[in-house]
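J.: Here is a sequence with its predicted model. Questions after.
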Amino acid sequence: MKPDALLYPAPKGLYCPIGDFYIDPVQPVERALITHGHSDHARSGHGQVLATRETLDIMGIRYGDGFCGTSQPIALGETLTVDGVDVSFHPAGHVLGSAQISVRTQGTRIVVSGDYKRRRDPTCAGFEPVSCDVFITEATFGLPVFHHPDDRAETRKLLTSLTQFPERTHVVGAYALGKAQRVIALLREAGYDEPIFIHGALQRLCDYYQTQAIELGDLRPATLAADEKQDFRGTIVIGPPAAFADRWSRRFADPIASFASGWMLIRQRAKQRGVELPLVISDHCDWAELTQTITEIAPAEVWVTHGREEALVRWCELQGIAARPLHLVGYDDEGE
Amino acid sequence: MHAFAELLDRLVLSPQRNSKIRLLVDYFRTAPDPDRGYALAAIAGTLSLSTVKPAMIRDLLLERMDPVLFQYSYDYVGDLAETVSLVWEPPAGTVQADIPLGEAVERLQRTGRADVRSVVRDMLDRLDTPARFAFLKLVTGGLRIGVSARLAKQALAEMGDKDASEIETLWHGLSPPYLPLFLWLSGEGEKPALSTPAVFHSVMLANPVGEGDLDGLDPNDFAAEWKWDGIRVQLANIGGTRRLYSRSGDEISSAFPDVLEAADFTGVIDGELLVGGTARTNRQTRSFSDLQQRLNRKTVGQKLIDSHPAFIRAYDVLFAGERDVRPESFVERRALLTDLVEQASPQHFDLSPLVPFSSWDELDRLRADPPDPVIEGIMLKRLDSPYTPGRIKGPWFKWKRAPYNIDAVLLYAQRGHGKRSSYYSDFTFGAWTVVDGKETLVPVGKAYFGFTDAELEILDRFVRDNTTERFGPVRALRAEPDFGFVVEVAFEGINRSTRHKSGVAMRFPRIARLRQDKLPRDADRLETLLAMIETREST
């Protein structure tokens, strides 16, 4: 059958008419399959939700218990049949619980990658390539300029700065789900045993990661009374990027603004955010990894969702791989 | 090259002026000659490696890369050097090693035109990404790292514990790699001698009048002058040498022999170079496009001098005779200038007239409706202000003619380029008109700037939350009579256009204000714009 009959982009998201379900819908729907817990992919208010146990837990933490009508967990690798469509989830390596979703019927298989990366990540299962007819890939860093450096070297930059400027508070912006925990885990791997202070918005997710046997060490709340500025000198404080802009970050002693994101590779991006210490740590593929993944999976066709679709589609054309952008509305193409 | 690359990176990300100076001083103290001199030249904009143009860098890259992918990358990063440094892939097996800055510059200077391509290609292959970036910035000129020549000179002054004005005075007589300058600053050599007595002195610049800037200022403390639409120049006649400089210090003497020949007074004056007749000869001042006929020429024929006579409308005096009068007040300098101009050639010099006024409101009205079309606004100068090089806020203001304004509705948005590429910052806006008997918003222009960073956040949020459709990189926005985003668009002029569907083309449009207090139904109509054209055409 033609892949378009199995899955196509509709205003609410990718829709499977045979199984009557959406994948990562951006508006409330009757039946939703969710790749991972980031808020632009996992929204509340759906009727039935099928996702990994971890993703459902994360949605519960973010939206409260009533985030959907009924939820059903699915194990990675397990196959369920939904109205004649075989559905299975496979690790995507993006954040804890993240999965690619495979839908298959009458011999046609489409894999929706969701967001994914190929690098090792101590906080989640690594990406597994799944052979398919159509591979739907993200393109957040889909430009030849993006080459993410080794995350361990980036972590060392932070630790070096900490010894260079022991009197300053190193305030690191990192997304609350996934990036924050990965930065903490990387610091621990690099031998940093001091307490790490975290913004309140990170608390419940960090607690959850620790219940999933991901060791984050001594985490303490980054709260203080007005006259306690001294306490954070020479420490690492991690908060969500939005907290940079508000009064929260100004409470610390002579802060060095740091930010952990793939965008930090571009100087003007760092400058624009007022970042003095950019850390190029990404939960998405860089250009080489995106193109290698497509080469490795060798699908008959590539569909590109959010990000810099044009460049990846162009690359596919140059390689003789059929490709098209899906122009989905509602995903955060800057998400990281 | 690594030390220079690191300096550039740190300068780009250091917001504070003092930390930039600190970084520069540390670099100048530790880097060897001639590296530091070439670095200084690169930062101050005096290094010219004229054989390496951005187009060549692009060509070299395109030998190895798909042009479409390059274009996407460049649009995104916004900076050619950074883009190329990131996407450049050396052939397998290339050994990378650092090349000292001085060696790189001198190798390029020695290289003949025919070999430049291969030398640059070889260097790009041998340098790693950060050094490649620094090298490209250097060879293409224009570092754009948020450091002005003035700040670099301030750092030099601090390095040698000198006064910044001493560096300023010497500056235009020195050239890269500034060996005598660094010898002097590090206490190992004599102060360099001036190369010509008629050196260029950095000019004093004005800040635009911003919202509320004049509140609390007393009109009696200021003189007002018209701001003429020519080019700002400095004319020096010292020690028997005459020179004409542009405001950035480029010598343009050879294009204006008529003016130089007439400058038979001793001193240095600041003024506007114009063509046409002076006020003293009672003839019309001509437009900027007439002046353009005389600019950027190495020589000029008598015919052009006769048809487009140049003159200087004097604003200020820096040296009266050989005496430095910059520390004196505007009032004192103005008296000296008046004497000087009175004795100078009436065809080639006149005095910029003062504009009498008693209140800011009165001045605002004069500014909006000046008596001569070659006037582009008003200058405000504190009566007690000395002549201070650079753009210091307070003593001088410029207040340009009010542009046109309309309220328009945002219709489409596109990502910006370079540092704006994470934001939807390019907007198409529309006005109301009747199409097929129905009230419709039609696009009338595009604007990319005018808003503050905080306002950009608001606009960007609106775009993301109210996209109705996507066409490639373009997003269509919700725009209905009772829901949408109204902005005040300011522009410098408006003309009829056959290229634009609406039939109008604005000159220099920008978003002057966000009008969240207005609904799209309150926005202006296309007919208002057409009326602006008719009014202009009928006068």
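T.: Everything's here; your move.

J.: shouldn't B:Ala310 be in contact with B:Pro257?
T.: No - between B:Ala310 and B:Pro257 there is no contact under Cβ atoms under 8 Å: 9.6 Å. Bear in mind the C-beta positions are built from the backbone N, C-alpha and C, glycine included.

J.: Please save the CA atoms from stretch B:188-196 in PDB.
T.: Output in PDB follows, covering the C-alpha atoms of stretch B:188-196 (Å, rounded to 0.1, in the frame of the first residue of the first chain):
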ATOM      1  CA  GLU B 188      61.300  49.900  25.300                       C
ATOM      2  CA  GLY B 189      61.300  52.700  22.700                       C
ATOM      3  CA  GLU B 190      60.700  56.400  22.000                       C
ATOM      4  CA  LYS B 191      57.300  57.900  21.300                       C
ATOM      5  CA  PRO B 192      56.700  57.500  17.500                       C
ATOM      6  CA  ALA B 193      57.000  60.800  15.600                       C
ATOM      7  CA  LEU B 194      54.000  62.200  13.600                       C
ATOM      8  CA  SER B 195      54.200  61.300   9.900                       C
ATOM      9  CA  THR B 196      52.400  64.500   8.800                       C
END
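
J.: still on that earlier bit, of B:Ala310 and B:Pro257, who's got more company?
T.: B:Ala310 (27 against 16; other Cβ atoms under 10 Å in any protein chain shown).

J.: Test my guess that B:Leu69 contacts A:Val145.
T.: No - in this structure B:Leu69 lies outside contact range of A:Val145 using Cβ under 8 Å: 9.7 Å.

J.: just the strands in the stretch 201-336 of chain A please.
T.: A:219-221, A:236-239, A:256-260, A:277-279, A:301-307, A:322-325 (DSSP state E, counting those that start in this stretch).

J.: got it, and the stretch 251-400 of chain B?
T.: B:267-275, B:310-320, B:323-324, B:349-351, B:375-382, B:396-400.

J.: Ok, which of the ones you listed comes nearest B:Thr30?
T.: Between B:Thr30 and the strands of the stretch 251-400 of chain B, the tightest spacing by Cβ to Cβ is seen for strand B:323-324, at 35.1 Å.

J.: Tell me the pLDDT of residue 51.
T.: No chain in the question, so chain A it is. For A:Ala51, the pLDDT comes out at 97.

J.: wrong chain, I was asking about chain B
T.: So B:Thr51 comes in at 64 (pLDDT).

J.: And for the one 5 residues further on?
T.: On the pLDDT scale, B:Met56 is placed at 90.

J.: how far away is it from chain A?
T.: 20 Å (Cβ to the nearest Cβ, to the nearest Å).

J.: quick one: that residue is in a helix?
T.: Yes - B:Met56: assigned to a helix according to DSSP: H, G, I helix; E, B strand; the rest coil.

J.: My guess is it contacts B:Arg117. True?
T.: Yes - applying Cβ under 8 Å, one finds B:Met56 in contact with B:Arg117, separated by 6.5 Å.

J.: re earlier: take the strands of the stretch 201-336 of chain A and lay them out in JSON lines including mean pLDDT.
T.: What follows is the strands of the stretch 201-336 of chain A, written out as JSON lines (pLDDT from 0 to 100):
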{"stretch": "strand A:219-221", "mean pLDDT": "93"}
{"stretch": "strand A:236-239", "mean pLDDT": "94"}
{"stretch": "strand A:256-260", "mean pLDDT": "91"}
{"stretch": "strand A:277-279", "mean pLDDT": "91"}
{"stretch": "strand A:301-307", "mean pLDDT": "91"}
{"stretch": "strand A:322-325", "mean pLDDT": "95"}
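
J.: what sits against B:Met123?
T.: Counting by Cβ atoms under 8 Å, 6 or more residues apart in numbering or on different chains, B:Met123 makes contact with B:99, B:104, B:107, B:135.

J.: before we move on, what about A:Asp40?
T.: Applying Cβ under 8 Å, 6+ apart to A:Asp40 gives the contacts A:26, A:330-332, A:335.

J.: Got phi/psi on it?
T.: Here the main-chain torsion angles of A:Asp40 (degrees, to the nearest 10) amount to phi -80, psi -20.

J.: Tell me which stretches of chain A form helices.
T.: Applying DSSP state H to chain A gives helices spanning A:3-6, A:53-63, A:151-164, A:179-189, A:203-211, A:242-245, A:247-250, A:267-272, A:287-297, A:309-319.

J.: Deepest-packed of those helices, please.
T.: helix A:179-189 (a mean of 23; mean count of other Cβ atoms under 10 Å in any protein chain shown).

J.: Now do the helix or strand harbouring B:Ala39: everything it contacts.
T.: Assigned by DSSP states H and E, B:Ala39 falls within helix B:35-44. Residues outside helix B:35-44 that contact it (Cβ under 8 Å, 6+ apart): B:3-4, B:7, B:24, B:27-28, B:31, B:47, B:100-102, B:105, B:137-138, B:141, B:143, B:145, B:147, B:149, B:152-153, B:156, B:176-179, B:181-182.

J.: so who does A:Gln212 touch?
T.: Counting by Cβ under 8 Å, 6+ apart, A:Gln212 touches A:54, A:96.

J.: so how far is chain B from it?
T.: 32 Å.

J.: Which single residue of the stretch 51-200 of chain A approaches chain B most closely?
T.: Using Cβ to the nearest Cβ, the single residue of the stretch 51-200 of chain A nearest to chain B is A:Val145, 4.1 Å away.

J.: ok, that residue touching B:Val87?
T.: Yes - the pair formed by A:Val145 and B:Val87 meets the contact definition of Cβ under 8 Å, at 5.6 Å.

J.: any idea how far A:Ile101 is from the nearest residue to A:Pro9 once chain neighbours are set aside?
T.: In space, A:Pro9 comes closest to A:Leu326 once its chain neighbours are excluded; the distance is 4.6 Å by Cβ to Cβ, 6 or more residues apart in numbering or on different chains. Separation of A:Leu326 from A:Ile101 (Cβ to Cβ, to the nearest Å): 15 Å.
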